[in-house]
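Chemist: predicted model, plus sequence, below.
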There are 2 protein chains.
Amino acid sequence: MFRHIVLLRWVEEATEDQRAAVVAGLETLPGAIPEIKKYVIGTDAKVNEGNFDLGVVADFESVDDYLVYRDHPVHLKVVADFIKPIAAGRAAVQFPLG
Amino acid sequence: MFRHIVLLRWVEEATEDQRAAVVAGLETLPGAIPEIKKYVIGTDAKVNEGNFDLGVVADFESVDDYLVYRDHPVHLKVVADFIKPIAAGRAAVQFPLG
């Protein structure tokens, strides 16, 4: 298995609707991209100051399946339409799982 | 369940030994802090440019158990001794898990 993690931070002006649209957009991806084996989306619980705003943990059978996801047009459209307009920061890693 | 994700970026001068010492230190935590239910540590596979260097996904029964981990002296010692000296960036989120 191969895991992709991305954390995103939004600009302060990002509205609740814009933030919700990102989550709704991401939630469509497992149905559109069968290479996704597990997909967890979480909105920061605001327990700590200085956190990022959203986290995604996506698991794939292989690095090649991750690359299908990374470059998939449905994924790229969610990034372009909903994420890019409100993104102030992005942190990501990928690594083999267990 | 409650999930904590942290991604870390190292300074360029961080040696392989220093990076390995972080992983070794973190690997001791599940044995020292019983509130940790699941703990996944991953070193970035360098598939993408601009990534962070290390990711940790930690799962707890509750936000209170996460707070025990966050403030646990064994955890804070790993942060102080191994992470802080080479950290160039940190991104984190916590959220309730499904």
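Modeler: Nice, I can see it.
Chemist: which helices and strands does the helix or strand containing residue A:17 pack with?
Modeler: Residue A:17 belongs to helix A:16-27 when assigned by DSSP states H and E. For helix A:16-27, the elements it packs on are strand A:2-10, strand A:36-43, strand A:54-60, helix A:73-78, judged by 3 or more Cβ pairs under 8 Å, 6 or more residues apart in numbering or on different chains; DSSP states H and E. The way it works is simple: take the backbone N, C-alpha and C, and place the C-beta from them, glycine included.
Chemist: strand A:36-43 and the third one, what's the angle between them?
Modeler: For strand A:54-60 against strand A:36-43, the angle between stretch directions is 170 degrees (axes from the mean of the first three to the mean of the last three Cα atoms, to 10 degrees).
Chemist: give me the mean pLDDT for strand A:54-60.
Modeler: For strand A:54-60, the mean pLDDT works out to 98.
Chemist: which strands border it, and is each parallel or antiparallel?
Modeler: strand A:2-10 (antiparallel), strand A:36-43 (antiparallel) (DSSP bridges).
Chemist: in the sheet, who's paired with residue A:96?
Modeler: Beta-bridge partners, per DSSP bridges, of residue A:96: residue A:2.
Chemist: contacting residues for it?
Modeler: By Cβ atoms under 8 Å, 6 or more residues apart in numbering or on different chains, the contact list for residue A:96 reads A:1, A:2, A:3, A:63, B:42, B:45.
Chemist: closest to the centroid, which residue in chain A?
Modeler: Centroid-nearest residue in chain A, with Cα atoms, centre = their mean: residue A:56, separated by 4.3 Å.
Chemist: which residues does that residue contact?
Modeler: By Cβ under 8 Å, 6+ apart, the contact list for residue A:56 reads A:4, A:5, A:6, A:7, A:8, A:26, A:39, A:40, A:41, A:42.
Chemist: just to revisit the earlier point, quick one: the helices and strands packed on helix A:16-27 as JSON lines, columns for distance to residue A:87 too.
Modeler: Below are these laid out as JSON lines (distance: least, Cβ to Cβ, whole Å):
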{"stretch": "strand A:2-10", "distance to residue A:87": "6"}
{"stretch": "strand A:36-43", "distance to residue A:87": "15"}
{"stretch": "strand A:54-60", "distance to residue A:87": "10"}
{"stretch": "helix A:73-78", "distance to residue A:87": "12"}
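Chemist: most neighbours of all the contacts of residue A:56, which one?
Modeler: Looking at the contacts of residue A:56 with neighbours defined as other Cβ atoms under 10 Å in any protein chain shown, the largest count falls to residue A:5 at 28 neighbours.
Chemist: roughly how far apart are the residue lying closest to residue A:81 once chain neighbours are set aside and residue A:61?
Modeler: Leaving out its chain neighbours, the residue that sits closest to residue A:81 by Cβ to Cβ, 6 or more residues apart in numbering or on different chains is residue A:25, at 6.9 Å. Distance of residue A:25 to residue A:61, computed by Cβ to Cβ, to the nearest Å: 24 Å.
Chemist: who has more neighbours out of these two?
Modeler: residue A:25 (17 against 12).
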